[in-house]
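Structure, please.
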Amino acid sequence: MTVGTRSAHWRDLPRLAALERQAHPLDAWSDTAWWAELASPRREYRVAVPDAGAPPGGDLLGYAGLDHGGSTADVMTITVAPEARGQGLGRRLLQELVAAARAGGAEALLLEVRADNAPALALYDRVGFDHLSTRRDYYRGEDGPVDAHILRLLLPAGPAPTPDEKAAEVAR
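Numbers count the residues shown, from 1 in each chain. Take a look at the predicted model:
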């Protein structure tokens with residue numbers, strides 16, 4: 001299997017929504033929310049697919065979204081299918097969002113992450129995100145509310161990194 005990534009397409013919506021419900025059963029985005037996300041000119045979504053040459057509408061292993069908001073971009077979501085976790089796919093999707101934010105002229109990348117999502121917190125720490133603040137009781141959890149940590153990655157100005165530099169940066 002050759003895992004590939006590509007831009008999300010409207011034909012991916014049924015699989016995006018299904019994977020969202022599977023991965024986030026307590027606070028999944030609705031089908032309508034997904035349509036709005038893909039229709040927004042400020043949003044950019046990438047999907048991970050099990051076959052690099054597969055057309056839109058097939059199986060998805062994960063997805064990631066970015067809001068291009070000028071000097072500050074926001075990670076909207078990064079989700080990896082349960083069966084594909086632990087293989088570096090979240091890191092790869094994050095790497096693509098960092099590159100897209102830089103290419104769009106962003107000076108910083110912000111995100112919110114559940115306080116109980118240890119694998120994501122470890123990834124963001126390795127990449128160099130800094131903790132800015134905490135939103136108390138932001139998410140729903142099985143045992144009650146869960147805090148959200150607000151994190152920021154500064155994106156230094158300069159030429160875009162080469163693919164090798166991007167891989168080394170995310171691998172840190």
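
CA atoms for contacts and neighbours, from now on please.
Fine.

what about stretch 75-89, how long is it end to end?
16 Å (Cα to Cα, to the nearest Å).

Have a look at this structure and report its longest helix.
If you go by DSSP state H, the chain has its longest helix at helix 89-103.

excluding its backbone neighbours, what's nearest A157?
Leaving aside its sequence neighbours, A157 sits nearest to E107 (Cα to Cα, 6 or more residues apart in numbering; 7.0 Å).

For the one you found, give me phi and psi.
E107 adopts backbone torsions of phi -100, psi -20, taken as degrees, to the nearest 10.

pLDDT at it, what is it?
On pLDDT, E107 comes in at 97.

Burial check on it, number of neighbours?
Counted with other Cα atoms under 10 Å, the neighbours of E107 add up to 16.

next one: R136
With other Cα under 10 Å as criterion, R136 counts 12.

again, but for P119
12.

quick revisit: from V49, how far out is the residue nearest to A157?
In terms of Cα to Cα, E107 sits 29 Å off from V49.

contacting residues around the residue of the chain positioned farthest from its centre?
The outermost residue of the chain relative to its centre, with distances by Cα atoms, centre = their mean, is D143 at 25.1 Å. Contact analysis of D143 by Cα atoms under 8 Å, 6 or more residues apart in numbering lists nothing.

Kindly state the pLDDT recorded for it?
With respect to pLDDT, D143 has a value of 89.

Quick check: phi and psi on it?
Phi and psi for D143, reported as degrees, to the nearest 10, are phi -110, psi 20.

Where does L123 fall, secondary structure wise?
Per DSSP states H and E, L123 falls inside helix 118-127.

I should have written L19 there, sorry.
Secondary structure (DSSP H and E) places L19 in helix 13-23.

Pull the distance from that helix to the chain's centre.
Relative to its chain's centre, helix 13-23 lies at 14 Å (Cα atoms, centre = their mean, to the nearest Å).

Show me what that helix is packed up against.
Helix 13-23 sits against helix 31-39, strand 72-80, with contacts defined as 3 or more Cα pairs under 8 Å, 6 or more residues apart in numbering; DSSP states H and E.
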